[in-house]
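Colleague: Got a predicted model here, sequence first, then my questions.
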Amino acid sequence: MSGGYWSLVLHSHLPYVHSRAHEYFLEEHWLFEAISETYIPLLMHLRDLEREGVYTRITTSVTPPLAEMLANKDLMRKYVAYLDRILELCAKEKVRVYGDENFAPVATMYEERFAAIKSFFLNDLNGNVLNGYRKYNDNGMLCVITCGATHGFFPFMTENAVRAQLEVACRIHEKHFGVRPKGIWLPECAYYAGADKLLADVGIEFFFVDSHGILYADPRPKYGTYAPVFTSNGVAAFGRDYYSSKQVWSSKEGYPGDTSYRDFYRDVGYDLDMDYIAPYISPDGERVFTGLKYHKITGESDFKEAYNREVALNRTKDHARHFVQERVKQLADVAAHMDREPHIVSPYDAELFGHWWFEGTDFIANIFRELKNTNITPITPLEYLQKFRTNQVVQVNPSSWGDKGYYSVWLNSGNDWIYRHLRFMADSMHELAVKYSEAYGDKQRVLNQMARELLLAQSSDWAFLITTGTAAGYSIQRTKEHIHNFMKLYTMVEENRYDFEYLVYIEGNNDYYPEIDFRVYR
């Protein structure tokens, strides 16, 4: 008999960033780093697990902005140039640290690693990361789900705006994966009463919420977070397991803080002389992470010892073994109180694995290798719902996975100015979509760009980054830019006078989802 089920759920997301005006654009490097450190390493591990015959099931969102960026040929051309620049730096680094018994092996590791990533990208993936996601989605190792069209924060939107975010998301998913999505990672895991009806309307069958979204549901769920619940509209909600999340996320108890693992912050982009590192950082001289880091965490002091890759990889095996043992105990304890096998759902930001925690994707692969020796079955939410078609019906509690568990991260005194503009834009877009539903030619083109500007302004990333103070200036700039563009286009439509030079300019800068149809707001 099965000892229970475990679902690993990864949220793969970045805000849409694409600059045609600049060959080097700092914010595009968010994407390039995530590809090299998280997405490709994960796909390479899936290749290895498939060859080893290891039973693997991972559920992952590929959000619409991320999918559109990964399919963008100009961005992928820039990505190859980024890899070439890193490989050039790796070659220089091998010379610089030659003979150093501590750092020379690390420099060699980086050169081999980036060369393998480039080869995998160009040859195995044919220059498109989505080819890897499609392959493993088709063979069942991955279950790819969607998100909001631009990761908009649903609780602060009108019903019509949420409908548009969902419908555009489903169309983009179908564009890249050939089918409408069955599951969704709600942006920021933010649920509000009534959202399930809109999810059901677009064909979504399941979503995820934080633990308290389930535990505080009405009536209280019989199985807690160890089984999904149904909403009154028949959509399944899966709750985050607190214990498995804590073992990875916690800054004090989590595995990524182990002193054997690579230190994230010590990077040659900051450590080396400017004359040497200048060609590999921002052209304006701003120091940035290059991805070449030679030190392990060591401890809390500024002193850091040299990184040892072999030791770190062995530690991922220890931690994977411990993680699996803890899940075995957890499921055994719970099973005694249930009339079905319990189910643990462990959701994380995908970028935690590989980007923030360098060895994280190795840890994931080792978990599946360890699970072979247990009676725990990896499973996707869809597979679980096919096995257990009857589940308790409840009202899921409004919640998010942000700090304090509700909505304050995205609405506070630092970012509250955003929402009156977003509300006006969303209402106006609906009115114009009704008024000009038969529009064609220039008017249709302008209305389509208005829809893009609204969607891009709605990204929850901007409010989040303003709150955290990370890239706050860029986030404020992006929000104001999209508001300004929308209002200028609004005037063009209503006055029937078009500034085509301006329109071409913003179409080039904000080229998200070329196939968009403004009538989605009708």
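Modeller: Nice, I can see it.

Colleague: now the stretch 1-150 of the chain, which segments are flagged as low pLDDT?
Modeller: 1 (pLDDT under 70).

Colleague: And the strands in it?
Modeller: Along the stretch 1-150 of the chain, counting by DSSP state E, counting those that start in this stretch, strands occupy 4-12, 58-62, 142-145.

Colleague: cool, the stretch 201-350 of the chain as well?
Modeller: Assigned by DSSP E, counting those that start in this stretch, the strands in the stretch 201-350 of the chain fall at 206-209, 229-230, 236-239, 343-349.

Colleague: Any chance of those strands in CSV with mean neighbour count, distance to residue 409 and mean pLDDT as columns?
Modeller: C-beta here means a position set from N, CA and C on the backbone, and glycine is covered the same way. Formatted as CSV, those follow (neighbours: other CB atoms under 10 Å; distance: least, CB to CB, whole Å; pLDDT from 0 to 100):
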stretch, mean neighbour count, distance to residue 409, mean pLDDT
strand 206-209, 25, 16, 98
strand 229-230, 22, 25, 98
strand 236-239, 26, 20, 98
strand 343-349, 21, 14, 98
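
Colleague: show me the residues around residue 339 that make contact.
Modeller: The contact partners of residue 339, by CB atoms under 8 Å, 6 or more residues apart in numbering, come to none.

Colleague: what about residue 512, is that helix, strand or coil?
Modeller: Following DSSP: H, G, I helix; E, B strand; the rest coil, residue 512 is assigned to coil.

Colleague: For residue 418, which of the strands of the stretch 201-350 of the chain is the nearest?
Modeller: Evaluated over these, closeness to residue 418 peaks at strand 343-349, with 22.6 Å, by CB to CB.

Colleague: downstream neighbour of the closest one in the secondary structure list?
Modeller: helix 360-371 (DSSP states H and E).

Colleague: Phi and psi next, for the nearest residue to residue 439 once chain neighbours are set aside.
Modeller: Computed as CB to CB, 6 or more residues apart in numbering, the closest residue to residue 439 that is not its neighbour in sequence is residue 447, at 5.9 Å. Backbone dihedrals for residue 447, given as degrees, to the nearest 10, come out at phi -60, psi -40.

Colleague: mind checking pLDDT for residue 447?
Modeller: Residue 447 is assigned a predicted lDDT (pLDDT) of 98.

Colleague: Tell me who's in contact with residue 184.
Modeller: 61, 145-147, 166, 169, 199, 204, 206-207.

Colleague: Repeat that for residue 349.
Modeller: Residue 349 touches 10-11, 13, counting by CB under 8 Å, 6+ apart.

Colleague: filter those to the buried ones?
Modeller: Neighbour-count burial (16 or more other CB atoms under 10 Å) applied to these gives 10-11, 13.

Colleague: returning to what we had before: go through the contacts of residue 184 and name the one nearest residue 272.
Modeller: Looking across those and measuring by CB to CB, the closest to residue 272 is residue 61, at 36.7 Å.

Colleague: isn't the closest one right up against residue 143?
Modeller: No. Residue 61 is beyond contact range of residue 143, at 9.9 Å (criterion: CB atoms under 8 Å).

Colleague: what comes up buried for stretch 253-270?
Modeller: Of the residues in stretch 253-270, those buried (16+ other CB under 10 Å) are 254-256, 258, 260-263, 266-269.

Colleague: With distance to residue 97 as added columns, please give those in TSV.
Modeller: Formatted as TSV, the buried residues of stretch 253-270 follow (distance: CB to CB, whole Å):
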residue	distance to residue 97
254	31
255	28
256	26
258	24
260	20
261	20
262	16
263	17
266	14
267	15
268	10
269	16
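
Colleague: Residue 454 touches residue 429, doesn't it?
Modeller: Yes. Using CB under 8 Å, residue 454 makes contact with residue 429 at a distance of 5.4 Å.

Colleague: These two: which is more packed in?
Modeller: The neighbour count for residue 454 versus residue 429, taken as other CB atoms under 10 Å, is higher for residue 454 (28 against 25).

Colleague: And the pLDDT at that one?
Modeller: 98.

Colleague: picking up where we left off before, give me the more crowded residue out of residue 61 and residue 143.
Modeller: Comparing residue 61 with residue 143 by other CB under 10 Å, the one with more neighbours is residue 61, at 28 against 22.

Colleague: And for the more buried one, nearest residue in space, chain neighbours not counted?
Modeller: Leaving aside its chain neighbours, residue 61 sits nearest to residue 185 (4.0 Å; criterion: CB to CB, 6+ apart).

Colleague: now swap in residue 315 and tell me
Modeller: Counting by CB to CB, 6+ apart, residue 315 lies nearest to residue 260, which is 4.5 Å off, once chain neighbours are set aside.

Colleague: Show the contacting residues for that neighbour.
Modeller: Residue 260 sits in contact with 296-297, 308, 311-312, 315, where contact means CB under 8 Å, 6+ apart.

Colleague: First-to-last residue distance for stretch 385-404?
Modeller: 30 Å (CA to CA, to the nearest Å).

Colleague: buried set for it?
Modeller: 385, 391, 394, 396-402.

Colleague: quick check: mean pLDDT across it?
Modeller: The model assigns stretch 385-404 a mean pLDDT of 97.

Colleague: now that stretch, how far from the centre of its chain.
Modeller: Centroid displacement of stretch 385-404 relative to its chain, using CA atoms, centre = their mean, to the nearest Å, is 21 Å.

Colleague: Over the biggest helix by length in the chain, what's the mean pLDDT, rounded is fine.
Modeller: In the chain, taking DSSP state H as the definition, the longest helix is helix 309-335. Here helix 309-335 scores 97 as its mean pLDDT.

Colleague: Report all helices and strands that it contacts.
Modeller: In terms of contacts (3 or more CB pairs under 8 Å, 6 or more residues apart in numbering; DSSP states H and E), helix 309-335 is packed against strand 4-12, helix 104-119, helix 242-249, strand 343-349, helix 360-371, strand 376-378.

Colleague: Next, the buried residues of the longest one.
Modeller: So the one you mean is helix 104-119. For helix 104-119, by 16+ other CB under 10 Å, it's 104, 106-107, 110-111, 113-114, 117-118.

Colleague: okay, how far is it across stretch 250-260, tip to tip?
Modeller: OK, stretch 250-260 end separation, CA to CA: 17 Å.

Colleague: What about residue 438, how many residues nearby?
Modeller: Residue 438 has 8 nearby residues by other CB under 10 Å.

Colleague: Okay, and it sits in which element?
Modeller: Counting by DSSP H and E, residue 438 is part of no helix or strand.

Colleague: mind checking how far it is from residue 372?
Modeller: Going from residue 438 to residue 372 by CB to CB, to the nearest Å gives 60 Å.

Colleague: Would you mind giving the domain segments of this structure?
Modeller: The record's domain parsing of the chain by automatic domain parsing lists 10-404, 411-521.

Colleague: number of nearby residues for residue 186?
Modeller: Around residue 186 there are 27 residues (other CB under 10 Å).

Colleague: err, residue 513, not the other one
Modeller: 23.

Colleague: swap in residue 169?
Modeller: There are 29 residues near residue 169, going by other CB under 10 Å.

Colleague: which one is residue 122 nearest to, not counting chain neighbours?
Modeller: Residue 122 sits nearest to residue 80 (CB to CB, 6+ apart), 7.4 Å away.

Colleague: Give me the neighbour count for that neighbour.
Modeller: Residue 80: 14 neighbours (other CB under 10 Å).

Colleague: Then the one 5 residues further on?
Modeller: Neighbouring residues of residue 85 were enumerated by other CB under 10 Å; the total is 15.

Colleague: oh, and call the first residue 48 from now on, that's how I've got it
Modeller: All right, first residue 48 from here; so that's residue 132.

Colleague: The nearest residue to it once chain neighbours are set aside: what's it in contact with?
Modeller: Leaving out its chain neighbours, the residue that sits closest to residue 132 by CB to CB, 6+ apart is residue 327, at 6.0 Å. Residues near residue 327 by CB under 8 Å, 6+ apart: 132-133, 135-136, 316, 337.

Colleague: And these, which two are furthest apart?
Modeller: So, those by CB to CB: farthest apart are 135 and 316, at 14.1 Å.
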